[in-house]
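J.: Pasting the sequence and the predicted model now:
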Amino acid sequence: MAKSDTKGKRFLNAIIYPFTRNGARINFVKLSKNRTALAFLLPICAILLSFVLGSIILAIIGAQPGKAILSMFQGAGILAKSRYGGGQSQFSDFMMLLNNATPLVFASLAVSVALSAGMFNIGISGVMILSGFISSVLIGYSSLPHYVARPLVIIISAILGLLAGSLVGYLKFKFNINEVVQAIMFNYTFMYLSNYFIYRYFINPITRSSNIVSDEARLTLTDIQVGGVKIVIPLGFILLIVVAVLVYIFLTRTKDGFELRAVGLNARCAEYVGISVKKNIILAMALSGALAGLAGATYYLGATNTIKPEVLPSTGFDAIAVCLLGGSHPIGIFLSSLLISGMTTGGAYMQARVGVSTQVPSLIIGIMLTFAACTAFMRYYIQKVSLNIEDNLKKEGLL
């Protein structure tokens, strides 16, 4: 009987102890040392807090938060609608979501690769315009067959991005010109150059955008019949899967990827042990630029088939926060991009269903990306507090 009581007390203590003051402090210290858990929990907290604040905003303006958020995800194809029009289904909505999310995933991967080497690539929008415009002019307005045009669009866009990124990396190392300043200048340089040529030679007088590219060069197949449903097929998404896997393998399973990350963690230490900082800075920005070029191809010759002058695509800037929200991991980036793109895409359906302005999803996204940008600080703060708690626990003999 006594042994049974003892086992019962131990079992009860095992359940209760984590919720006691000492148990909570010990678990907090363990959590702060678990990088994987933090990388997962902090973005989840950012998303949940964003929806809580978004629900409060929806309630203030007189909408039903639950119904509004549900409608938003239904419009994105993540959840099923109550009914669909002819030739439409949840599958067609979801394929459209993948089409819209593909450029954002490429752009976020570009940010991730640059961050791995300690570089901050804010010039993705400019590279997207550069690659999209040049590819449109050289291939999109040509009469080349699709089996020639589409591979050329991908190759030209990647090369243009690679060259632009390499230039930024070279100027950074050779003359110590801050990559952020360079990127901002290149963003507007590329935009205004493309503006001039679009207005001069390629403007559509009705839409005031560039002429649309040919279907043979476009990376999105439209109006494809599958089981009586019309869908779009984003060819760029197939490429995205391959590229994301290759990026992950390169960064985590190769010598060059290790050296690149070593430079990002501590450039002086890396140089001391014989790693070339110059090579890896240029390599990181070149790869980041190539990914940004693919983002431009899948955006301007995929999700859309035209370029709107005088507008830098927000995709390049959103990608920074999406990368942080996804923990700079390809899977996290993909899921974060789906969420952000889904909220943007579903805004129109939410407005039609609930009567809430499409600006509300944009506001929630803004809050979410702000929280995402704070995750690095929160990780630092948690680890700082954890060190103090750990010292106290050691003094008390609990560790």
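T.: Done, it's in.
J.: Quick check: phi and psi on Gly118?
T.: Backbone torsions for Gly118, taken as degrees, to the nearest 10, come to phi 80, psi 20.
J.: and Ala158, how far is that from Met368?
T.: Going from Ala158 to Met368 by CB to CB, to the nearest Å gives 30 Å. Just so you know, the C-beta spots here come from the backbone N, C-alpha and C atoms, and that holds for glycine as well.
J.: Give me the more crowded residue out of those two.
T.: Met368 (26 against 23; other CB atoms under 10 Å).
J.: mind showing which ranges of the stretch 251-399 of the chain have poor pLDDT?
T.: Within the stretch 251-399 of the chain, the ranges that satisfy pLDDT under 70 run 398-399.
J.: can you pull out the helices in it?
T.: 255-265, 267-272, 277-298, 315-325, 330-354, 359-373, 375-395 (DSSP state H, counting those that start in this stretch).
J.: Looking at these, which is nearest to Arg218?
T.: helix 277-298 (10.2 Å; CB to CB).
J.: Mind listing what's buried along the closest one?
T.: Of the residues in helix 277-298, those buried by neighbour count under the rule 16 or more other CB atoms under 10 Å are 277, 280-298.
J.: what packs against that helix?
T.: The contact analysis (3 or more CB pairs under 8 Å, 6 or more residues apart in numbering; DSSP states H and E) places helix 277-298 against helix 90-116, helix 124-135, helix 146-175, helix 235-253, helix 255-265, helix 267-272, helix 315-325.
J.: Tell me what angle the helix or strand encompassing Phe190 forms with helix 124-135.
T.: In this assignment (DSSP states H and E), Phe190 forms part of helix 179-197. Counting by axes from the mean of the first three to the mean of the last three CA atoms, to 10 degrees, helix 179-197 lies at 30 degrees to helix 124-135.
J.: ok so, going back, quick check: which of the helices of the stretch 251-399 of the chain is nearest to Asn178?
T.: Closest approach to Asn178 among those is made by helix 277-298 (12.5 Å; CB to CB).
J.: how many neighbours does the nearest residue to Ala107 once chain neighbours are set aside have?
T.: Closest residue in space to Ala107, ignoring its immediate chain neighbours: Ala319 at 3.6 Å, by CB to CB, 6 or more residues apart in numbering. Burial of Ala319 is recorded as 33 neighbouring residues (other CB under 10 Å).
J.: likewise Asn388?
T.: 10.
J.: so how far is the helix holding Phe190 from its chain's centroid?
T.: 22 Å (CA atoms, centre = their mean, to the nearest Å).
J.: Tell me what angle that helix forms with helix 146-175.
T.: Going by the same axes, to 10 degrees, helix 179-197 makes 140 degrees with helix 146-175.
J.: Which of the residues in helix 179-197 are classified as buried?
T.: In helix 179-197, counting by 16+ other CB under 10 Å, buried: 179, 182-183, 186-187, 190-191, 194-195.
J.: by contact count, what packs against that helix?
T.: If contacts are counted by 3+ CB pairs under 8 Å, 6+ apart, helix 179-197 sits against helix 124-135, helix 146-175.
J.: Distance to Ile212 for the ones you listed - can I get that in a markdown table?
T.: Below are the helices and strands packed on helix 179-197 laid out as a markdown table (distance: least, CB to CB, whole Å):
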| stretch | distance to Ile212 |
| --- | --- |
| helix 124-135 | 13 |
| helix 146-175 | 14 |
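J.: Deepest in the core, which of those helices is it.
T.: Most buried of the helices and strands packed on helix 179-197, by mean neighbour count (mean count of other CB atoms under 10 Å): helix 124-135, with a mean of 29.
J.: other SSEs contacting that helix?
T.: Looks like helix 124-135 contacts helix 90-116, helix 146-175, helix 179-197, helix 277-298, helix 315-325 (3+ CB pairs under 8 Å, 6+ apart).
J.: Give the rounded mean pLDDT of it.
T.: Helix 124-135 shows a mean pLDDT of 95.
J.: Restricting to C-alpha, output it in CSV.
T.: Provided in CSV are the C-alpha atoms of helix 124-135 (Å, rounded to 0.1, in the frame of the first residue of the first chain):
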residue,chain,number,x,y,z
ILE,A,124,15.1,41.8,-54.6
SER,A,125,12.3,44.0,-56.0
GLY,A,126,14.7,45.8,-58.3
VAL,A,127,16.2,42.4,-59.5
MET,A,128,12.6,41.2,-60.1
ILE,A,129,11.9,44.1,-62.4
LEU,A,130,15.2,43.8,-64.2
SER,A,131,14.8,40.0,-64.9
GLY,A,132,11.1,40.4,-65.7
PHE,A,133,11.6,43.2,-68.1
ILE,A,134,14.6,41.8,-70.0
SER,A,135,13.0,38.4,-70.2
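J.: Just the CA atoms of the helix holding Phe190, as PDB, please.
T.: Provided in PDB are the C-alpha atoms of helix 179-197 (Å, rounded to 0.1, in the frame of the first residue of the first chain):
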ATOM      1  CA  GLU A 179      24.800  46.200 -49.400                       C
ATOM      2  CA  VAL A 180      21.600  47.900 -48.200                       C
ATOM      3  CA  VAL A 181      22.500  51.200 -49.700                       C
ATOM      4  CA  GLN A 182      23.600  49.600 -52.900                       C
ATOM      5  CA  ALA A 183      20.400  47.600 -53.100                       C
ATOM      6  CA  ILE A 184      18.100  50.600 -52.600                       C
ATOM      7  CA  MET A 185      19.900  52.500 -55.300                       C
ATOM      8  CA  PHE A 186      19.800  49.600 -57.700                       C
ATOM      9  CA  ASN A 187      16.000  49.100 -57.000                       C
ATOM     10  CA  TYR A 188      15.200  52.600 -58.300                       C
ATOM     11  CA  THR A 189      17.800  52.400 -61.100                       C
ATOM     12  CA  PHE A 190      16.300  49.200 -62.500                       C
ATOM     13  CA  MET A 191      12.800  50.500 -62.000                       C
ATOM     14  CA  TYR A 192      13.400  53.900 -63.800                       C
ATOM     15  CA  LEU A 193      15.300  52.200 -66.600                       C
ATOM     16  CA  SER A 194      12.500  49.800 -67.300                       C
ATOM     17  CA  ASN A 195       9.900  52.600 -67.000                       C
ATOM     18  CA  TYR A 196      11.700  54.600 -69.700                       C
ATOM     19  CA  PHE A 197      11.700  51.700 -72.200                       C
END
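J.: All good on my end, thank you.
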